[in-house]
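S.K.: Mind folding the following:
(chains A and B)
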Amino acid sequence: MVLLDRNTLNQMFEALAESGFTVIGPTVRDNAIVLDRVNSINDLPVGWTDDQERGAYRLKQETAGAFFNFTNGPHSWKRFLYPPQLTLFNARRRNGDIELIPEKPTDEKFALIGVRPCDLAAIGIHDRIFLKDHHVDTDYRERRKNLFIVAVNCLNPGNTCFCTSMGTGPTAGTGYDLVLTELFDEDQHHFLAGTGSVAGTKMLEKLSAPPASPALLHHCDEMLKEAATKMGRNIRTDELADMLRESFDDPYWQEASAACLSCGNCTMVCPTCFCATVEDVTDLTGETATRVRRWDSCFNGEFSYIHGGILRQSTLSRYRQWVTHKLSSWEEQFGSSGCVGCGRCITWCPVGIDITEVAGKFWEKKYPSRKKAATKRQQPREVLIPVN
Amino acid sequence: MIAYSNPMMPHLCRINSRKKETHDTFTITLDVNDEEMSPVFRPGQFNMLYLYGVGEVPISISGHPQKTGKMVHTIRSCGTVTRGLARLKSGMPVGVRGPFGSSWPVTHAYGRDLLIVAGGIGLAPLRPAIYQALAHRKHFGKLILLYGARSPEDVLFYKELQTWQKRSDMTVYLTVDHAISDWDHHVGVVTNLIPRVNFDADDTVAMVCGPEIMMRYAIMALRNQEVPENHIYLSMERNMKCAIGLCGHCQLGPKFVCKDGPVFPYHRIAPYFNKREI
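M.R.: Numbers count the residues shown, from 1 in each chain, chains lettered A, B, ... in the order given. From the prediction side, this is the model:
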């Protein structure tokens, strides 16, 4: 473990850009922390933090000038690895004959800065889906191959976070090239950096940073342990998949989905939701056609369309499909839960439906006397609307 | 099956011949010349057919599994893509991805009676299994086909059905929901025929394909005859965009119809079968 300061961290941005990486990281835009190109540490959300609750998200400023003192915003990294819109191929028609022109996979190399442990787990889940099945998503494979991941451990989990319940955080497990923990120590702004790959080690060598003292490492461990106790949400996952598998006719789905607008926000912000549709577009003459893959949502009507009509007509059936897929069927399909506990679906649900509450209800119903989960909710922080 | 370089990229196959089957169904035979595409398939599998600029649809393969290099598809015109495919002429190209999915376990029925129950266009994905069974006829006990359609004019492969009916080693019962005066077969739903035919229930493999409501009653009838649940196979249908388990559309509970199916042993999907809006 070595200790980076602001300057050495900035040098990492430069080194990555020099190696041909497109550097993506958190940045403030439209009153939210989003993921986009970042050129230097100045593009990071310096001095910004956020308040999140069900159906609520507000940025506010903090005084320490921290870079990573916020929890995940609406974007997840899937937009770079599994883009919202992707051309699959182009086609040309001439004299009644057709030519299919494959789309070249992107040669863009991405460096992702500030991947939270929950999102790192989400990338691992996508690896399982897109790379480790009988058929491989070739575009994902190319994007994944060239990836450089800088994870950032979470010291200040948000009100809608529950990564501890899902076993994904707040400390990054594996799958990163570098992992950072942001520390303020006697007015010094440091980043404790560890490596998780050969590429990561080479990067640290390039940055020539001093090793961290054992005392600091211990301090960091303590803080991460404490962070694990500060989750705003919790769910019990033992038996949950089984409970949901048997929940199909449970009347509680009525109540759980009563407010749902079937808008699909939860599926768009979810870092693991991977459903996609395809669209065919032609020009006005019909001489060229393009096949495009787009993110889809199981909350859309056409999602379940087969000749004769839409299979999942009711909002209840769509909400039930989403929750049972995420927390139950996923385990049979891919060997893990489909939820990483990032809390985005709770924050970005316009009517504030809370997946941890819904999951908890199934627990309560089965075991009325047992506790569903010990929820330690943080005191709501003061909400400030940023002035741009 | 070989995993091709980009499973989302169709291969162009030309229409060798086309044939009108009924007022709303037709059969196209495609030549498979592309080296990257498998020229063989297993009965019950399907291809994704791409109509230039319009879209892609999953269509089961209805030809003879031993005739390689040809993909035969029997299609009902009911959507934009299938109506467009109906208008294509011989020699024109179609984009093809596949073959995908699980297959009818014809060999599982070796040494047993084989009972095939089909409704409407559901006969198309079962025809390759019938061909295969007939090619290895001596391995089976009884070979029974029960086929139902809405009306005589909806009966698929009628000439072939008559040929099979004439065979001494195969029992074929035809039925329609609504008959006209010169119909000399059964009238009523196909599932009503199940208790009327003679087979060794304990030692029978049943393959069922048709509308879900028909499959539901077929299963009830088969279970009444005490055919074991793990000897009943059905072919399911769901919306599909990718056919390789990556688009999420075809989920039936935890099953992906495209890669875990479309042919399932009934006991594997029993908890998810016949659930409204699952």
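S.K.: and the stretch 101-250 of chain B, which of its residues are near chain A?
M.R.: By CB under 8 Å from any CB of the partner chain, the residues of the stretch 101-250 of chain B that approach chain A are B:Glu237, B:Arg238, B:Asn239, B:Lys241, B:Cys242, B:Ile244, B:Gly245, B:Leu246, B:Cys247, B:Gly248, B:His249. Placement of C-beta: from N, CA and C, glycine included.
S.K.: Could I get the phi/psi values of the first one?
M.R.: As for B:Glu237, its main-chain torsions (degrees, to the nearest 10) stand at phi -130, psi 130.
S.K.: contacting residues for it?
M.R.: For B:Glu237, the contact set (CB atoms under 8 Å, 6 or more residues apart in numbering or on different chains) comprises A:Ile306, B:Glu212, B:Val257, B:Pro262.
S.K.: I'd like the next helix or strand past the host helix or strand of B:Ile28.
M.R.: Counting by DSSP states H and E, the element that carries B:Ile28 is strand B:25-31. Later in the chain than strand B:25-31, the nearest helix or strand by DSSP H and E is strand B:46-51.
S.K.: related to what we said a few turns ago, tell me what the strand holding B:Ile28 is packed against?
M.R.: Secondary-structure packing of strand B:25-31 (3 or more CB pairs under 8 Å, 6 or more residues apart in numbering or on different chains; DSSP states H and E): strand B:11-22, strand B:70-76, strand B:93-100.
S.K.: what's the spacing between the second one and its chain's center?
M.R.: Centroid separation for strand B:70-76 versus its chain: 10 Å, with CA atoms, centre = their mean, to the nearest Å.
S.K.: Compute the inter-axis angle for it and strand B:11-22.
M.R.: 50 degrees (axes from the mean of the first three to the mean of the last three CA atoms, to 10 degrees).
S.K.: buried set for the following helix or strand past strand B:70-76?
M.R.: Counting by DSSP H and E, the element after strand B:70-76 in chain order, helix or strand, is helix B:80-87. By 16 or more other CB atoms under 10 Å in any protein chain shown, the buried positions in helix B:80-87 come out as B:Val81, B:Thr82, B:Gly84, B:Leu85, B:Ala86.
S.K.: got it, and stretch B:65-84?
M.R.: Those would be B:65, B:70-78, B:81-82, B:84, for stretch B:65-84 by 16+ other CB under 10 Å.
S.K.: Over to stretch A:344-357?
M.R.: For stretch A:344-357, by 16+ other CB under 10 Å, it's A:Arg344, A:Cys345, A:Ile346, A:Thr347, A:Trp348, A:Cys349, A:Ile353, A:Asp354, A:Ile355, A:Thr356, A:Glu357.
S.K.: near chain B, which residues of the stretch 151-300 of chain A?
M.R.: Checking the stretch 151-300 of chain A against chain B by CB under 8 Å from any CB, the hits are A:245, A:248, A:274-278, A:280-282, A:286, A:289, A:291, A:293, A:296, A:298.
S.K.: Now do the helices in the chain.
M.R.: Going with chain A. Applying DSSP state H to chain A gives helices spanning A:6-18, A:78-81, A:117-131, A:138-145, A:163-166, A:198-207, A:214-228, A:240-245, A:252-257, A:265-269, A:315-324, A:330-334, A:344-347, A:355-366.
S.K.: ah, no, chain B please
M.R.: B:80-87, B:123-135, B:158-166, B:212-224, B:266-269.
S.K.: Redo the ones you listed as a markdown table? Include mean pLDDT.
M.R.: Formatted as a markdown table, the helices of chain B follow (pLDDT from 0 to 100):
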| stretch | mean pLDDT |
| --- | --- |
| helix B:80-87 | 96 |
| helix B:123-135 | 98 |
| helix B:158-166 | 97 |
| helix B:212-224 | 96 |
| helix B:266-269 | 96 |
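S.K.: So for A:Leu180, which of those sits nearest?
M.R.: With CB to CB as the criterion, A:Leu180 lies closest to helix B:266-269 of the helices of chain B, at 46.4 Å.
S.K.: Enumerate the positions of that closest one that are buried.
M.R.: B:Tyr266, B:Ile269.
S.K.: And for stretch A:309-328?
M.R.: Those would be A:310-312, A:314-328, for stretch A:309-328 by 16+ other CB under 10 Å.
S.K.: out of everything not next to it in sequence, what's closest to A:Met166?
M.R.: Excluding the flanking residues, the one nearest A:Met166 by CB to CB, 6 or more residues apart in numbering or on different chains is A:Gly341, at 3.6 Å.
S.K.: What does the pLDDT read for that neighbour?
M.R.: Note for A:Gly341: predicted pLDDT of 97.
S.K.: low-confidence ranges in the chain?
M.R.: Defaulting to chain A. Where chain A drops to pLDDT under 70, the residues are A:370-388.
S.K.: Chain B is the one I meant
M.R.: Using pLDDT under 70, chain B drops low at B:1-4.
S.K.: Now for A:Ile113, how many residues are close by?
M.R.: Residues lying near A:Ile113 (other CB atoms under 10 Å in any protein chain shown) number 27.
S.K.: and it, what are its bridge partners?
M.R.: Counting by DSSP bridges, A:Ile113 forms beta bridges with A:Val150.
S.K.: does it really touch A:Gly25, like I thought?
M.R.: Yes. Using CB atoms under 8 Å, A:Ile113 is in contact with A:Gly25, at 3.6 Å.
S.K.: and for these two, which residues touch both?
M.R.: Common neighbours of A:Ile113 and A:Gly25 (CB under 8 Å, 6+ apart) are A:Val38, A:Leu44.
S.K.: gap between the two ends of stretch B:168-187?
M.R.: By CA to CA, to the nearest Å, the extent of stretch B:168-187 from end to end equals 23 Å.
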